[in-house]
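Colleague: Fold the stuff below for me.
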Amino acid sequence: MKRRRRETEVFSLSFLDVICCGFGAIILLLVLSEFGQPLVIERSRQDLESQIKRLQAELFTIRGDSERLERELKGRVDLMQRERLNLARAAGEMSSIRGQFDASRQEAAVSNIVENELLSAYQDLMQENERLQSASRTRRRVSTAAVGGIPVDSDYVIFLVDTSGSMDVHRETLTRVMREILDIYPRLKGLQIVDDNGRELFRGTRGRWLVDSRGLRDDIVARVRDWRAFSDSSPEDGIEAAIANYWSADRRISIYVLGDDFNGPSIQGALDAIDRVNRPDGSGRRRVRIHGIGFPRAPFTNPRFSALMRAVSERNDGTFVGLTQLDVCAIRINVGGVERCVSGD
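Modeller: Residues are numbered from 1 along each chain as shown. Got it, this is the predicted structure:
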């Protein structure tokens, strides 16, 4: 028994020795290893701090990038909302434009119908106008002198006034005759006043028509009353100038020659000169109508002026009236069924 117990104790002691030796070896290994050295430990600590700092810097960078991306995302969201609003507004405008287009298309259809009807009516009027013109060309021309009337179919009127001294005694009668002639035309497209040498009463208006108005008519009468221009009492000069300056193929023009004398060398020469400028067209119609109003001179109208203007009026689709008495109606014109008196009381 003792031997066995002793063997047991020896075995226990040996086992403890082995364990102690093992711990000692481990401690020795730790002491001998590089991790156990203070320098290595310090270096490891510094490495860890640098890694921590680097990681912190990366964290700050990541946070900055995150904030920037959040701002960009917010901006893009705002932009998308604005674009949506613009898109909705554009859709509304497109809808409105589509509605206007539909309405315009309907109006265009109506306009086309009206335009076609107007075109048809215009064509009918043109055909009727051509028929009337054709009938007018073929019908017999009635002498205006025979019925004692003055045609009033012109839209433009030129007064050619003798401004010689012999007309001074007729100023009041002259202005009254001019006003009564103007009353025959309720509305003219153009007016002009020239003397028997072709000079305009209104300076600076050569080649231009005066716009008709009540004020202009009053102004004409007032100016003619005091008009004292040089005159050679030869109306063919003024007629030639008036036709040369104012004639146009698309205008219906009448010239009223108002005077009391003719001092030209030849009546036939004056007629030929007027014929050259007032040529007839294919239908025989002259460029302008020429009327004559003769004022009395001691005591009747000068025979040469009467002879000249009677021939001029007859050749140029006009009428000549020689005034012998100024206290009665010397000229009567029937306008629209109403008889008007020219140059009478």
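Colleague: Helix, strand, or coil at the closest residue to Arg187 other than its chain neighbours?
Modeller: Residue nearest to Arg187 in three dimensions, not counting chain neighbours: Asp212, with 6.3 Å by CB to CB, 6 or more residues apart in numbering. C-beta coordinates here come from the backbone N, C-alpha and C atoms, glycine included. Assigned with DSSP: H, G, I helix; E, B strand; the rest coil, Asp212 falls in the coil class.
Colleague: Also the one 4 residues further on?
Modeller: Reduced to three states with three-state DSSP, the structure at Leu216 is helix.
Colleague: What is the burial count for it?
Modeller: Look at Leu216: counted by other CB atoms under 10 Å, it has 15 neighbours.
Colleague: distance between stretch 283-295 and the chain's centre?
Modeller: Its chain's C-alpha centre and that of stretch 283-295 lie 39 Å apart, by CA atoms, centre = their mean, to the nearest Å.
Colleague: Now do the SS call for the residue nearest to Ala241 when sequence neighbours are not counted.
Modeller: Once flanking residues are discounted, Ala241 sits nearest to Gly198: 2.7 Å by CB to CB, 6+ apart. Using three-state DSSP, the structure places Gly198 in coil.
Colleague: Can you give the domain ranges for the protein?
Modeller: Following automatic domain parsing, the chain resolves into domains at 57-139, 149-342.
Colleague: which intervals of this structure have sub-threshold pLDDT?
Modeller: 1-18, 23, 28-42, 132-149, 297-301, 325-345 (pLDDT under 70).
Colleague: can we see that at 80?
Modeller: The chain contains residues with pLDDT under 80 at 1-49, 95, 98-153, 283, 296-302, 324-345.
Colleague: Select the longest helix from it.
Modeller: Scanning the chain for the longest helix, with DSSP state H as the assignment, gives helix 38-138.
Colleague: Among the domains of the chain, which comes closest to Asp47?
Modeller: Smallest distance to Asp47 across the domains of the chain (CB to CB): 15.7 Å, for domain 57-139.
Colleague: what about that closest one, distance to the chain center?
Modeller: On CA atoms, centre = their mean, the centre of domain 57-139 falls 23 Å from that of its chain.
Colleague: Kindly report the same for stretch 238-252.
Modeller: Stretch 238-252 sits 30 Å away from the centroid of its parent chain (CA atoms, centre = their mean).
Colleague: returning to that earlier point: so can I have TSV of the domains of the chain showing distance to Leu48?
Modeller: Formatted as TSV, the domains of the chain follow (distance: least, CB to CB, whole Å):
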stretch	distance to Leu48
domain 57-139	15
domain 149-342	107
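Colleague: Give me the distance between the two termini of stretch 287-304.
Modeller: Using CA to CA, to the nearest Å, the end-to-end distance of stretch 287-304 comes to 25 Å.
Colleague: Please identify the buried residues of it?
Modeller: Residues of stretch 287-304 classed as buried: 287-297, 301-302 (neighbour count, 16 or more other CB atoms under 10 Å).
Colleague: Also stretch 121-134?
Modeller: Residues of stretch 121-134 include none that count as buried (16+ other CB under 10 Å).
Colleague: got it, and stretch 253-266?
Modeller: Ile253, Ser254, Ile255, Tyr256, Val257, Leu258, Gly259, Asp260, Asp261, Phe262, Gly264.
Colleague: got it, and stretch 310-328?
Modeller: Within stretch 310-328, the residues scored as buried using 16+ other CB under 10 Å are 310-314, 316-323, 326.
Colleague: Over to stretch 202-217?
Modeller: Quick answer for stretch 202-217 (16+ other CB under 10 Å): Phe202, Trp209, Leu210, Asp212, Arg217.
Colleague: Mind listing residues that contact it?
Modeller: For stretch 202-217, the external contacting residues (CB atoms under 8 Å, 6 or more residues apart in numbering) are 156, 179, 182, 187-193, 200, 223, 245-246.
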